[in-house]
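Q: model this:
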Amino acid sequence: MGDKRPYIFPSILFIIFFILIAITGFFQFRVIQKNIDALLKGEADIIIRHIKREIDVNLEYLNLFDLSPSIITPNHLNVLVYDEEIVEEIYTLLKTASIDEISRMPFSDMLLLDAKGKVLLKKGNVKLNPSHKKRLLSGKDEVIVKMPNDLDKSLLIGTRLSEKYLFFWLNDDELEALRKRHIVKEILGREEKRLNIEGITIYDEKGKQYASSTAGDMYLGKFVVRKPLESNFLKGFSIEVSLSRNLTNNILKRTTINFIIILVFLVILGALSTYVIFYLERRYADRMKNMEKELAMKERLVSLGRLASGMAHEIRNPLNAVSISVQRLKREFMPEDENKHEYQRFIDIIRDELSRINRIVENFLFSTRSQAPFLNENLYTVVDEVLIVIKEKAKEQGVELINNVDGVLFAEIQKERFKQALYNIVLNGIESMDNGGHIEVSAKVADNMIEIAIHDTGHGIKAGDMEKIFEYYYTSKDKGMGLGLPISYMIIKDHGGDIKVESEPGKGTTFRLSLPAKEAGKRLNV
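A: Numbers count the residues shown, from 1 in each chain. Presented below is the predicted three-dimensional model:
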């Protein structure tokens with residue numbers, strides 16, 4: 001898995017950053033909620049002040065009307081209409097209430113008679129007009145109503161309740177209180193519709209509901225503000241305003257969704273960042289590992305080259321002495337008997353083998369001589385010369401050699417050393433094919449690099465051996481020394497290039513040699 005320390009710290013840093021953002025978002029959400037509540041409270045305060053002013057103005061007109069009925073009041077302040085509504089409300093209440101409930105009503109004057117006119121219940125100091133009694137008991141009228149006038153400001157309501165007859169008086173104070181209540185209730189209903197709010201309720205000094213604009217639940221899912229009314233005419237009363245939270249809830253909902261989206265985005269971004277850090281760290285680690293391997297291999301190759309060069313020089317000295325001695329043996333110690341011919345044949349064999357060893361040493365010294373000049377060479381010609389040299393070896397193995405290099409492709413190379421690198425790779429491909437096949441050499445220019453591909457159809461390289469093929473003395477052959485590919489690797493590196501290997505067991509191997517295109521990769525061969 002590799003060392004996890006390089007990306008543990010960024011991960012922890014991201015987690016801390018995420019937690020801080022989440023906490024900040026939570027407190028910011030609370031601040032937004034408080035600000036919205038403050039706005040709603042401010043709106044409710046404005047509504048309360050407006051309703052208080054409306055109540056004071058209308059009740060002031062009601063007081064003036066009581067003092068002088070001829071005074072001009074606002075269009076919506078019609079006292080006669082209020083009196084009719086009061087009569088309708090009381091009549092409905094009397095028709096649905098029991099005798100016990102009627103007797104407990106907070107009114108001072110009340111009279112209940114049976115069908116013969118006998119008094120069943122009397123409350124207060126009542127004075128019943130005989131004509132009113134006669135009209136109701138005779139069955140001529142179902143209901144008798146006497147509205148207030150200048151002489152008698154009380155309100156009389158008489159009605160039949162089954163086999164009984166009820167007469168109900170409202171004195172001036174009781175009627176005034178009911179008028180105030182109806183005026184307040186009308187103001188609440190009117191302002192609720194005009195201001196588009198959920199509901200308004202006024203409570204008396206004892207905390208009991210005095211008037212309300214709605215009969216439903218004012219509190220469920222709403223913002224409620226309750227404050228003292230501070231009215232000049234309703235002392236000790238309080239008012240409660242209910243505002244809708246739909247708009248504020250939508251704002252908070254959108255804010256919450258946006259914040260959640262931001263957090264999800266941060267989580268995804270953090271995960272991607274962690275992955276990118278991990279990927280770059282692994283990539284960097286792999287690159288450093290490859291560089292260390294290449295550097296170690298190059299150091300070993302340089303060391304081997306120096307050692308081999310020194311050994312080659314040391315080998316040449318005894319070879320020269322042996323060669324001179326063989327020449328003296330042939331010239332001065334030739335036998336004269338019948339063994340002369342055989343002696344001369346053995347001396348020639350020794351000389352030929354010494355010459356072959358000397359050529360091997362010369363070629364090896366040349367392959368390690370990195371100071372040879374770089375010349376602009378035709379790659380097709382260089383490859384063709386290598387394939388001609390190794391052609392006989394390929395025929396013995398039944399391998400076909402194919403040169404597909406473009407004839408106008410040139411590269412700056414040390415020709416003989418580069419040929420040695422190609423020779424080693426092609427020879428390695430030939431020896432990997434037991435039952436014939438083919439080796440194809442091609443080249444192309446890409447990204448200011450010349451890439452030469454050498455593909456064979458041999459048995460391929462095992463995955464476990466891929467990292468060892470350029471190491472000294474590593475070989476999978478019975479008679480190999482394990483020097484061919486390391487020397488090729490060193491030569492290509494000396495050219496400022498690189499070697500990559502692609503192999504699949506059973507299908508073949510491709511060596512890709514890349515060389516810097518210092519000049520134009522292609523030119524006309526004139």
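
Q: and the least confident helix or strand in the chain by mean pLDDT, what does it pack against?
A: Ranked by mean pLDDT, DSSP states H and E, the helix or strand of the chain with the weakest confidence is helix 340-367, at a mean of 75. When contacts are defined as 3 or more C-beta pairs under 8 Å, 6 or more residues apart in numbering; DSSP states H and E, helix 340-367 packs onto helix 246-332, helix 415-431. Just so you know, the C-beta spots here come from the backbone N, C-alpha and C atoms, and that holds for glycine as well.

Q: hmm, try it at 10 Å
A: In terms of contacts (3 or more C-beta pairs under 10 Å, 6 or more residues apart in numbering; DSSP states H and E), helix 340-367 is packed against helix 246-332, helix 415-431, helix 484-494.

Q: any idea which helix or strand comes after that helix?
A: strand 375-378 (DSSP states H and E).

Q: CA atoms only: put that following strand into CSV for me.
A: The C-alpha trace of strand 375-378 is given here as CSV (Å, rounded to 0.1, in the frame of the first residue of the first chain):
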residue,chain,number,x,y,z
LEU,A,375,27.0,11.9,-36.5
ASN,A,376,23.7,12.4,-38.2
GLU,A,377,23.0,8.9,-39.6
ASN,A,378,20.3,7.4,-41.7
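
Q: could you list the buried residues of that strand?
A: By neighbour count with 16 or more other C-beta atoms under 10 Å, strand 375-378 contains the buried residues E377, N378.

Q: contacting residues around the next helix or strand after it?
A: Once the chain leaves strand 375-378, the next helix or strand it forms, by DSSP H and E, is helix 379-389. Applying C-beta atoms under 10 Å, 6 or more residues apart in numbering, the contact partners of helix 379-389 are 378, 394, 401-411, 413, 415-416, 418-427, 439, 441-443, 450, 452, 454, 515, 521, 525.

Q: show me where pLDDT drops low in the stretch 1-150 of the chain?
A: Applying pLDDT under 70 to the stretch 1-150 of the chain flags residues 1-7, 9-10, 65-80.

Q: all helices for it, in order.
A: Listed in chain order, the helices of the stretch 1-150 of the chain (DSSP state H, counting those that start in this stretch) span 5-67, 79-96, 99-103, 130-137.

Q: can you tell me which of those helices comes nearest to K340?
A: Closest to K340 of the helices of the stretch 1-150 of the chain, according to C-beta to C-beta: helix 5-67, at 80.6 Å.

Q: report the contact partners of L59.
A: L59 neighbours (C-beta under 10 Å, 6+ apart): L77, E176, R179, K180, I183, V184, I187, S231, N232, F233, L234.

Q: just put the helices and strands packed on helix 340-367 in JSON lines and tack on mean pLDDT.
A: Supplementary listing: the helices and strands packed on helix 340-367 in JSON lines, determined by pLDDT from 0 to 100:
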{"stretch": "helix 246-332", "mean pLDDT": "78"}
{"stretch": "helix 415-431", "mean pLDDT": "88"}
{"stretch": "helix 484-494", "mean pLDDT": "82"}
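
Q: walk me through the domains of this structure.
A: 252-355, 372-516 (automatic domain parsing).

Q: most tightly surrounded among these?
A: Highest mean neighbour count among these (mean count of other C-beta atoms under 10 Å): domain 372-516, with a mean of 17.

Q: next one: phi and psi at P373?
A: Here is the backbone geometry of P373 (degrees, to the nearest 10): phi -70, psi 150.

Q: how about the strands of the stretch 401-526 of the chain, start to end?
A: Along the stretch 401-526 of the chain, counting by DSSP state E, counting those that start in this stretch, strands occupy 410-413, 437-446, 449-456, 498-504, 508-516.

Q: closest one to R226 among the ones you listed?
A: strand 437-446 (81.9 Å).

Q: tell me which strands the closest one pairs with, and in which orientation.
A: strand 399-403 (parallel), strand 449-456 (antiparallel) (DSSP bridges).

Q: which residues touch the shortest one?
A: Outside strand 399-403, the residues that touch it by C-beta under 10 Å, 6+ apart are 379-381, 383-384, 386-388, 390-391, 393-395, 426, 429-433, 435-443, 455-458.

Q: I452 touches A443, doesn't it?
A: Yes - counting by C-beta atoms under 10 Å, I452 touches A443, with 4.6 Å between them.

Q: now for these two: what residues contact both?
A: L379, V383, V405, L409, A411, L513, L515.

Q: dump these into CSV; add distance to T214 as well.
A: Formatted as CSV, the shared contacts of I452 and A443 follow (distance: C-beta to C-beta, whole Å):
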residue, distance to T214
L379, 96
V383, 99
V405, 95
L409, 93
A411, 94
L513, 91
L515, 91
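
Q: okay, those residues in TSV with distance to E332 and pLDDT next?
A: Below are these laid out as TSV (distance: C-beta to C-beta, whole Å; pLDDT from 0 to 100):
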residue	distance to E332	pLDDT
L379	52	92
V383	49	92
V405	54	92
L409	56	88
A411	53	90
L513	52	92
L515	54	90
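
Q: which residues touch the residue lying closest to D141 once chain neighbours are set aside?
A: Closest residue to D141 apart from its sequence neighbours, by C-beta to C-beta, 6 or more residues apart in numbering: R135 at 4.9 Å. Contact partners of R135, counting by C-beta under 10 Å, 6+ apart, are N129, D141, I144, G158.

Q: can you select the buried ones among those residues for me in PyMOL?
A: The PyMOL selection below is limited to those of those classed as buried (16+ other C-beta under 10 Å):
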select buried, resi 144+158
